[in-house]
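>>> Give me the fold of what follows.
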Amino acid sequence: MRRVFHKRKRSLANRHLSERYCYAGELDTETRIRLTRYNERDLREKEIRVADASFDALIRPDQMNWLEVRGLTNADVITRIVKNFGFHELDAKDILTPLHVAKIEEYEGRMLIVLNTCYFDERQEMRSEHIGILVSERAVVTFTESDNPIFENTREALRSNTLNIRRKGYGLLVAFLLNSIIAGLADAAAKVEEFLEDIEETLLNPDDTPENVGSLIQQRRHEFMEIRKSSQPLKDQFSRLTHTENGLITPDIQPIYIDLQDELQFVIQTTESCREITSSLVDLYISNNDLRMNAIMKRLTIVSTLFIPLTFLVGVWGMNFEVMPELDWRYGYLAAWVIMLLTGLLTWLYMKRKDWY
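Numbering: from 1, shown residues only. From the prediction side, this is the model:
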C-alpha cells in the first residue's frame, strides 16, 4: 500500500505584530477544553465550556491542574487562556502559528514550551502537529492542533499513578507530556528507517523493483527531514529545561529529563541514519535503472546481431545481376531459407557459448 505524507502549506499569517492573532494552520478541529484535577487521593476530569469567562477561576490551588486544549481554531479563546495565566499575547501568537521553531522560554514563575511533533496515524500516514505547553505555578496548559490522543499515555500515567506522578509537582507532569511527544518522534523515525530498509531490500532485486520506488524514496526523504526539523531545534533548546532556575525540575526528577534528552539524541541519530540510507538508495536506484537500460540494449543488440548476416544474404540475392545461377534453381528459394535459418541458429549458438546474454 502506498503511504502518503501529508505536507503542510506554509502560511504567512501571524508574521506581523498585531493586537489579535489567528490560527495559521489548516486543521479545522473545533476548540475543546478538558480540565484534569488530581492529588494523591483523587483524580477528576471534566469538559470545560469554551465560553467560560475566566479559565483561571477554574483552577484549585489545593490540587494539581492540567488544562488540555484540543483544536486551535478559536484564536480568541486561545489568547484569553494565555493571558489568564499571565503570559503575553506574543506567546499566543507562537502557539497559534504551526511550524514555529521549537523554543523554551522561562519567565518568573512561568515557562512556555513550543514545539512540533510527527507521528504515523492508523493508516500509516505521517502527520505533523504543533504543540504548545504553558507551565505556571497553578496549572499546566497544553495546546494541540487536533483531537488526536497525543497525551493519552500521560493520562494513563495519572490514572495509574505511575512513578507517583500524582504526589509530585508539575515538573513530573511536564516530563510525561514531553515523553509522549518525544516517544512519538522516536517511533516515527524508527518507522521511516524501517521503510527505507524495506526499499533497500527491494532495490537489491532489480527484477522485482516496482515502478514507483523513486517516488517512495522521495516520500521517505521528506518524512525523515520533517522529523529532523521537529527534533533538532527541540534538542538545542532542551538544556534550558535541565538548567531552569524556577524550581520546576527538582533533583529527584532530573534523571528523567536527562533520559528525555538522550531519547532526543536517538531521534537525531536515527534521522542521520535515514539520510545516509536515502543517499545510498538514490545511488542504488540510479544504478538499477542503468542496469535495466543495459539489459534492454543488450537484447536489442542480440536481435540486431542475429539479423546482420541474414540482411547480408538478402542483400546479395537482391542485387540486379543477370547471371546468378541459384535464382534459376528449382530449389533455390528453399535453399535460401535453409541457409538463413542455419546462419541465424549458428550465430545464436555462438553468442550463447560466449555467454553474451
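>>> Helix or strand for the most centrally placed residue in the chain, just tell me which one.
Geometric centre of the chain, nearest residue: residue 223, 3.0 Å, by C-alpha atoms, centre = their mean. If you go by DSSP states H and E, residue 223 is part of helix 213-242.
>>> measure residue 83 to residue 90 for me?
Counting by C-beta to C-beta, to the nearest Å, the gap from residue 83 to residue 90 is 11 Å. No exception for glycine: its C-beta is placed from N, CA and C like everyone else's.
>>> try residue 328
In terms of C-beta to C-beta, residue 328 sits 104 Å off from residue 90.
>>> Pick out whichever of these two has more residues nearby.
residue 90 (15 against 8; other C-beta atoms under 10 Å).
>>> ok, now which ones touch residue 200?
Contacts for residue 200 (C-beta atoms under 8 Å, 6 or more residues apart in numbering) come out as 277, 280, 281, 284.
>>> wait, residue 261 sits on residue 243?
No. Assessed by C-beta atoms under 8 Å, residue 261 is found out of contact with residue 243, at 11.5 Å.
>>> By neighbour count, sort out the buried ones in the contacts of residue 200.
277, 281, 284 (16 or more other C-beta atoms under 10 Å).
>>> Chain neighbours aside, what residue packs nearest to the last one?
Closest residue to residue 284 apart from its sequence neighbours, by C-beta to C-beta, 6 or more residues apart in numbering: residue 203 at 4.7 Å.
>>> wait, that neighbour sits on residue 288?
Yes. Applying C-beta under 8 Å as the test, residue 203 and residue 288 come out as touching, 5.9 Å apart.
>>> got any ranges where this structure has weak pLDDT?
For the chain, applying pLDDT under 70 flags the ranges 1-18, 52-53, 206-209, 246, 357.
>>> just the helices in it please.
75-84, 89-96, 152-160, 170-203, 213-242, 254-317, 325-328, 332-353 (DSSP state H).
>>> quick one: which of those is nearest residue 58?
helix 75-84 (9.5 Å; C-beta to C-beta).
>>> what residues does the closest one touch?
Contacts for helix 75-84 (C-beta under 8 Å, 6+ apart): 20-23, 31, 33, 50, 54-56, 67, 69, 72, 88-89, 91-92, 95-96, 134, 141, 143.
>>> mind exporting that helix as PDB, just the C-alpha atoms?
What follows is helix 75-84, C-alpha atoms only, in PDB (Å, rounded to 0.1, in the frame of the first residue of the first chain):
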ATOM      1  CA  ALA A  75      -8.000  32.000  18.400                       C
ATOM      2  CA  ASP A  76      -9.800  34.400  20.800                       C
ATOM      3  CA  VAL A  77     -10.200  31.600  23.400                       C
ATOM      4  CA  ILE A  78      -6.500  30.600  23.000                       C
ATOM      5  CA  THR A  79      -5.400  34.100  23.500                       C
ATOM      6  CA  ARG A  80      -7.700  34.500  26.500                       C
ATOM      7  CA  ILE A  81      -6.300  31.400  28.200                       C
ATOM      8  CA  VAL A  82      -2.700  32.500  27.600                       C
ATOM      9  CA  LYS A  83      -3.400  35.900  29.200                       C
ATOM     10  CA  ASN A  84      -5.400  34.400  32.000                       C
END
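>>> How about the contacts made by residue 135?
110, 111, 112, 113, 170, 174, 248.
>>> closest to residue 188 among the residues you listed?
If you rank those by distance to residue 188 using C-beta to C-beta, residue 113 comes first, at 19.5 Å.
>>> How many residues are close by the closest one?
25.
>>> from what I can see it touches residue 141, true?
No. Using C-beta under 8 Å, residue 113 is not in contact with residue 141, being 10.6 Å away.
>>> Give me the common contacts of the two.
Taking C-beta under 8 Å, 6+ apart as the criterion, residue 113 and residue 141 both touch 133, 134.
>>> mind putting the buried ones among the contacts of residue 200 in a markdown table, distance to residue 151 included?
As requested, those are exported to a markdown table (distance: C-beta to C-beta, whole Å):
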| residue | distance to residue 151 |
| --- | --- |
| 277 | 31 |
| 281 | 35 |
| 284 | 40 |
